[in-house]
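In: Fold the following.
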Amino acid sequence: MSDCLHDIHALFTRRTHDVHFPIECRITAAEQGFLSPTRQRESAFFAFHMYKGMDEEAYFDDIHVLMKQYDGHAHWGKMNRYHVEDMHTLYPQFAQFQQIRREQDPDNVFLTPYLRKIFERA
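Out: Residues are numbered from 1 along each chain as shown. You can find the predicted model right below:
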C-alpha cells in the first residue's frame, strides 16, 4: 500500500488537479461475493471525490490509470471507467454472474444506463 500512496502523491505533484476533497482510505478483509472488489483478497479502498460541476474528467482518468496499475477494482456505487471487457479480467466469475443475471432478469428491467455499460457490450 505504501507504493500506491507514494504514486498517488506523485500523481498530484506532477499534475495540476484541483483536489478539493479529502482522499479517503480504508482497509478491508477479503470477501467471497462474485462481484466484490475484495473477492478473495484483503484490500485497501481509496475514495476520490469531486463536487458536482467541477472538471472531473482528467482527474478520474488519471486515477483510473493509476489504480489499474495496482489491480484496482471500482466501488460499485462510485463513478468509474470500467466496461464489460474489463469485468471478465477483474472478476473471474463474471460470466457465471452474467448467466444468473440473465436468467433472473431476462427483460433487463434492472439494467440502468450505468449498468448497461458494465454488463453489456456497446
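In: ok, and the closest non-adjacent residue to Glu31?
Out: Nearest residue to Glu31, sequence neighbours excluded (CB to CB, 6 or more residues apart in numbering): Thr38, at 4.8 Å. Every C-beta, even on glycine, is put in place using the N, C-alpha and C of the backbone.
In: Kindly provide the distance from the one you found to Arg26.
Out: Between Thr38 and Arg26 the distance is 11 Å, computed by CB to CB, to the nearest Å.
In: and Met87, what does it touch?
Out: By CB atoms under 8 Å, 6 or more residues apart in numbering, Met87 lies in contact with 94, 118-119.
In: helix or strand for it, which one?
Out: helix 84-90 (DSSP states H and E).
In: and what of Ala44?
Out: Going by DSSP H and E, Ala44 is part of strand 43-47.
In: Residues touching that strand, excluding its own?
Out: 1, 4, 8, 23-28, 30, 37, 67, 73, 75, 78.
In: got it, and stretch 18-34?
Out: Outside stretch 18-34, the residues that reach it (CB under 8 Å, 6+ apart) are 1, 5, 8, 12, 38-51, 54-55, 59, 91, 93-94, 96-97.
In: 10 Å instead, please
Out: By CB atoms under 10 Å, 6 or more residues apart in numbering, the surrounding residues in contact with stretch 18-34 are 1, 4-5, 8-9, 11-12, 36-51, 54-56, 59, 63, 91-94, 96-98, 100-101.
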